[in-house]
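Enquirer: need coordinates for the following:
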Amino acid sequence: MKTYTVSEAREQFAEILNAVERGEEVSITKHGRLIARITHPSRPAKKVGIPPPGFLQAQGWTVEIAADFDEIPEGFEDYS
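Expert: Predicted coordinates for the structure are as follows:
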């Protein structure tokens with residue numbers, strides 16, 4: 001994967017597009033932080049963020065909510 005700074009990306013935009021067209025992934029950074037990743041539309045995008053629904057179940061996890069979940073704990077009655 002090639003990495004360019006924002007100023008390099010401005011100067012070499014045509015080269016970046018050619019690399020992406022060849023199937024390469026290109027990253028653009030600003031002050032050392034990744035701000036963009038450019039890929040060809042035919043390449044599947046890498047998903048980041050919230051896992052898809054059912055992810056934990058697929059990993060063998062279960063989530064249970066306690067029956068008294070919505071009850072006010074002792075000593076916190078004044079905060080309701």
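
Enquirer: give me the contact list for the longest helix seen in the chain.
Expert: When the chain is parsed with DSSP state H, its longest helix is helix 13-21. Helix 13-21 is contacted from outside by 2, 4, 9, 26, 38-40, using Cβ atoms under 8 Å, 6 or more residues apart in numbering. The way it works is simple: take the backbone N, C-alpha and C, and place the C-beta from them, glycine included.

Enquirer: buried only: go through those residues for me.
Expert: Buried members of the contacts of helix 13-21, counted by 16 or more other Cβ atoms under 10 Å: 4, 9, 26, 38.

Enquirer: which among the contacts of helix 13-21 gets closest to residue 74?
Expert: Closest approach to residue 74 among the contacts of helix 13-21 (Cβ to Cβ): residue 39, at 54.1 Å.

Enquirer: the spatially closest residue to that closest one that is not a sequence neighbour and residue 18, how far apart?
Expert: In this structure, residue 39 finds its nearest non-sequential neighbour in residue 25, 4.9 Å apart by Cβ to Cβ, 6 or more residues apart in numbering. According to Cβ to Cβ, to the nearest Å, residue 25 stands 13 Å off from residue 18.

Enquirer: for these two, indicate the residue with more neighbours.
Expert: Neighbours were counted for residue 25 and for residue 18 using other Cβ atoms under 10 Å; residue 25 has more, 15 against 11.
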